[in-house]
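J.: Next input, structure requested:
(2 chains)
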Amino acid sequence: MGFQNSTDFNPIEIILDESIKLVTITFGNDMGAISLDTFTATLESVSKRNPKKVVFDLTNTYKISDNFLVLLAFYIERFRRAGYEVELQSSNQQIEESIKNINQLLEQTKREETSNNPPLLLERIGELTFSSISSFKRALEFVGEVLLTFFRLPFTRSRAHKGHLVRSLYHVGIGGIPIVTLISMLLGLVVAFMTSIQLEQFGAQIYVASLLTIAMTKELGPLMTGIIVAGRSGSSFASEIGAMKIAEELDALSSMGLNVHRFLLVPKMLSTAISLPILSLFSQFFGILGGFIVGIFIIGLSPHAYLEQTINSLNLFDMWWGTMKCVVFGLLISGIGCYEGLRVEKGATSVGKAATSAVVKGIFFIILFDSIFAIILVYW
Amino acid sequence: MKEIIKVQNISVVFSDRPVLLDVSFSVYEGEIFAIIGGSGSGKSTLLKLMTGLLKPTKGKIIIDGIDITYWDESNYFDVIGKFGILFQNSGLIGSMTVKENIMLPLLHHTKLSVEQIEAITKYKLEQVGLKNVENLYPSELSGGMKKRAGLARALVLNPKVIFLDEPSSGLDPIASASLDDLIIELNKVLGSTIIVVTHDLESIFRIAHRAILLDGTTKGIIAEGDPKYLKENSPHPFVKAFFNRLSSWSMK
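T.: As a prediction, the model looks like this:
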């Protein structure tokens, strides 16, 4: 090359010899002067010239950073695959060696990637089946253990468990009253208002009272309370137990000879099963109150007529049925919350996941069991 | 000297991935015994095995003459009542105060009156050098105080064996040195056997009478003996490198 001086100013230069389709890329002695983008842009332009042979001339290069070496190796490999003849001219043994090493590394990772074929559909179905069977088994095991713990409850009284039930009752029950009353009242207002518009067409607005009373006591009260408690307490159980597991608190409990199920689950499940029916009564009362407010102030019914219609539609059996459903919902919500919490393995993300799936599964099971109860009621 | 813990040919395999392979050793009464090894060498697994929190795939663990490998709920406390554990993150129950935490084992396992239990709690807290923290929650304590409170809870049933899982992790040099002093003192005063899982070299040389070094590649014990002796005289380059705090690069 006759322009050795000029390469000092031009760290990278391309010369094309048309007659034999030879591209020579000459690198200057200090590659630190150009950016990675200029470097790649220059090398990208090589294939546009449609060469037969590419020569990388590194004879003047003494300093080249390893990023350039990796890119160089990458382009050498690419040009070879495109069918060009590639030649590397360099006076520095180390550069050639490094490029060879990088090429080996790239090839190795490629081979590893191709050997890790994505699983076949059949494989995936199999894995899914096995994992669902094992998670079903785990859930069944959990139910069994919980039942056993409750069965042994009278024989496992200990001072160490004292006060936990009351504390949990306070959190789940008393703590839940404001949100349950607020949401139920709003629900009552909305339902009464929407139905009154329809009923107005044939002057049957007084039936707003019966509709709301029956709906709240039989379905909406227990269901809304269940959903609110699942969101409030189910998630809190899951994240509390999950965080305890990560902080080795569960290991500490069993190392002190305390049964984790007895210590943590029993108070949580009992308190939820006790509070939920009571919260549901609050929900029913405030839902009906919401309807009352709409009936008196918006529809303009007389308070006496509204109350009379409400009392006539109240059915003791409906209320018992709703209460019974609430006990089952409470056990479901707290059981699922605790189960998800105990499944936490490591890390903060798995606590978040446990809380999410506690709420999602909790709500799903509430609605599933609500439907089952509805079917039982119909075919009784 | 009497053997208090005997670990016989223990292997643990987690779904095809071996963690420990054919590990055997003994711990003698009244000594401070260190289990050391790099990250991922199975130290914590070994501790969980020895405390019955995990069951081995193969092998046997005998503590004070009782085979604890296959306990069930009926004899669990006979076994674990013999030892106290200080967990790495102290293991204090976050929803209970320090006092309630320390009272818990006594409330569950004894018929002492609450007044008596409170007195014991106060004494144990004094023993580990804590004052005026009874009514604080674990989250309100500093790292060193948490470890001390956890230690007080581990001591509360006067265990024969005390397990300490990385007592110096997350502590500043002064706090961890004073915790070392406390460990030495407890060993002298109470005569308890103390088993420490750690990779804090300074503390190993100060407190441990004997140590085993676990190796992550062979999944077994690579050296056993007095750490000060091993540091100077082990023929094995990995052992020498570990005790002299050399990297695997400088070994070559």
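
J.: Pull up the residues of chain A that are close to chain B.
T.: Residues of chain A lying near chain B by CB under 8 Å from any CB of the partner chain: A:158-160, A:162, A:240, A:243-244, A:247-249, A:251-259. For every residue, glycine as well, the C-beta is placed using N, CA and C.

J.: Let me know how buried the closest residue to chain A within chain B is, in neighbour terms.
T.: In chain B, no residue comes nearer to chain A than residue B:91, which is 3.2 Å away by CB to the nearest CB. Residue B:91 is surrounded by 26 other residues when neighbours are defined as other CB atoms under 10 Å in any protein chain shown.

J.: do the same with residue A:317
T.: A total of 10 residues lie near residue A:317 under the criterion other CB under 10 Å.

J.: pLDDT on the helix or strand harbouring residue B:9, on average?
T.: Counting by DSSP states H and E, the element that carries residue B:9 is strand B:3-14. For strand B:3-14, the per-residue pLDDT values average out at 89.

J.: How about it, which residues are buried there?
T.: Along strand B:3-14, these residues count as buried under the neighbour rule (16 or more other CB atoms under 10 Å in any protein chain shown): B:4, B:5, B:6, B:7, B:8, B:10, B:11, B:12.

J.: before we move on, the earlier item: roughly how far does the nearest residue to the residue of chain B closest to chain A once chain neighbours are set aside sit from residue B:97?
T.: Across the structure, with CB to CB, 6 or more residues apart in numbering or on different chains as the measure, the residue nearest residue B:91 apart from its sequence neighbours is residue A:252 (3.2 Å). As defined by CB to CB, to the nearest Å, residue A:252 lies at a distance of 15 Å from residue B:97.

J.: ok, the two, which is more surrounded?
T.: More neighbours sit around residue A:252 than around the other of residue A:252 and residue B:97, counting by other CB under 10 Å; the figures are 25 against 18.

J.: who's in contact with that one?
T.: Residue A:252 makes contacts with B:85, B:87, B:91, B:92, B:93, B:153, as judged by CB atoms under 8 Å, 6 or more residues apart in numbering or on different chains.

J.: Give me the residues contacting whichever helix or strand residue B:184 is part of.
T.: With elements delineated by DSSP H and E, residue B:184 resides in helix B:173-190, which encompasses its position. Taking contacts as CB under 8 Å, 6+ apart, the residues outside helix B:173-190 that touch it are B:30, B:32, B:127-129, B:143-144, B:147-148, B:151, B:155, B:158, B:162, B:164, B:167-168, B:171, B:192, B:194, B:196, B:200, B:202-203, B:206-207.

J.: let's see it at 10 Å
T.: By CB atoms under 10 Å, 6 or more residues apart in numbering or on different chains, the list of residues contacting helix B:173-190 from outside reads B:30-32, B:86, B:127-129, B:142-145, B:147-148, B:151, B:154-155, B:158-160, B:162, B:164, B:167-171, B:192-194, B:196, B:198, B:200, B:202-204, B:206-209.

J.: Any quick ChimeraX command for the buried ones out of these?
T.: A single ChimeraX command is used to select the members of the contacts of helix B:173-190 judged buried by 16+ other CB under 10 Å:
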select /B:30,31,32,86,127,128,129,144,145,147,148,151,154,155,159,160,162,164,167,168,171,192,193,194,196,198,200,203,204,206,207,208
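
J.: So which of the contacts of helix B:173-190 reach chain A?
T.: Under the cut-off given by CB under 10 Å from any CB of the partner chain, chain A has B:86, B:154 from the contacts of helix B:173-190 close to it.

J.: Please read off the pLDDT at residue B:251 from the model.
T.: 51.

J.: could you dump stretch B:139-151 to PDB, C-alpha only?
T.: Provided in PDB are the C-alpha atoms of stretch B:139-151 (Å, rounded to 0.1, in the frame of the first residue of the first chain):
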ATOM      1  CA  SER B 139     -38.200  -4.700  61.900                       C
ATOM      2  CA  GLU B 140     -37.200  -2.000  64.400                       C
ATOM      3  CA  LEU B 141     -33.900  -3.700  65.300                       C
ATOM      4  CA  SER B 142     -30.500  -3.300  63.700                       C
ATOM      5  CA  GLY B 143     -28.900  -6.300  62.000                       C
ATOM      6  CA  GLY B 144     -26.700  -7.100  64.900                       C
ATOM      7  CA  MET B 145     -29.500  -6.800  67.400                       C
ATOM      8  CA  LYS B 146     -31.700  -9.100  65.300                       C
ATOM      9  CA  LYS B 147     -29.000 -11.800  65.400                       C
ATOM     10  CA  ARG B 148     -28.700 -11.400  69.100                       C
ATOM     11  CA  ALA B 149     -32.400 -11.600  69.700                       C
ATOM     12  CA  GLY B 150     -32.600 -14.700  67.400                       C
ATOM     13  CA  LEU B 151     -29.800 -16.200  69.500                       C
END
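
J.: residues near residue B:161, how many?
T.: The criterion is other CB under 10 Å. On that basis, residue B:161 has 21 neighbouring residues.

J.: how much space between it and residue B:66?
T.: Counting by CB to CB, the gap between residue B:161 and residue B:66 amounts to 12 Å.

J.: swap in residue B:93?
T.: Shown here: residue B:93 relative to residue B:66, a distance of 27 Å by CB to CB.

J.: For the two, indicate the residue with more neighbours.
T.: In this view residue B:93 and residue B:66 are compared by other CB under 10 Å, and residue B:93 has more residues nearby, 22 against 13.

J.: show me where pLDDT drops low in chain B?
T.: For chain B, residues meeting the criterion pLDDT under 70 lie at B:72-75, B:77, B:247-252.

J.: Please, where are all the helices along it?
T.: B:43-50, B:73-80, B:98-109, B:114-127, B:143-155, B:173-190, B:201-207, B:227-233, B:237-243, B:248-251 (DSSP state H).

J.: Closest to residue A:323 out of the buried residues of strand B:3-14?
T.: residue B:12 (49.9 Å; CB to CB).

J.: helix or strand for the residue nearest to residue B:91, which one?
T.: Applying DSSP H and E as the criterion places residue A:252 in helix A:249-255.

J.: now that helix: how far from the chain's centre is it?
T.: Taking CA atoms, centre = their mean, to the nearest Å, one finds the center of helix A:249-255 at 27 Å from the center of the full chain.

J.: swap in stretch A:366-374?
T.: On the basis of CA atoms, centre = their mean, stretch A:366-374 sits 25 Å off its chain's mean C-alpha point.

J.: So which bits of it are buried?
T.: A:366, A:369, A:370, A:373.

J.: ditto for stretch B:76-85
T.: Residues of stretch B:76-85 classed as buried: B:76, B:77, B:79, B:80, B:81, B:82, B:83, B:84, B:85 (neighbour count, 16+ other CB under 10 Å).

J.: Return only those of the residues you listed found close to chain A.
T.: Of the entries in those, those that also sit close to chain A under the rule CB under 10 Å from any CB are B:76, B:77, B:79, B:80, B:81, B:83, B:84, B:85.
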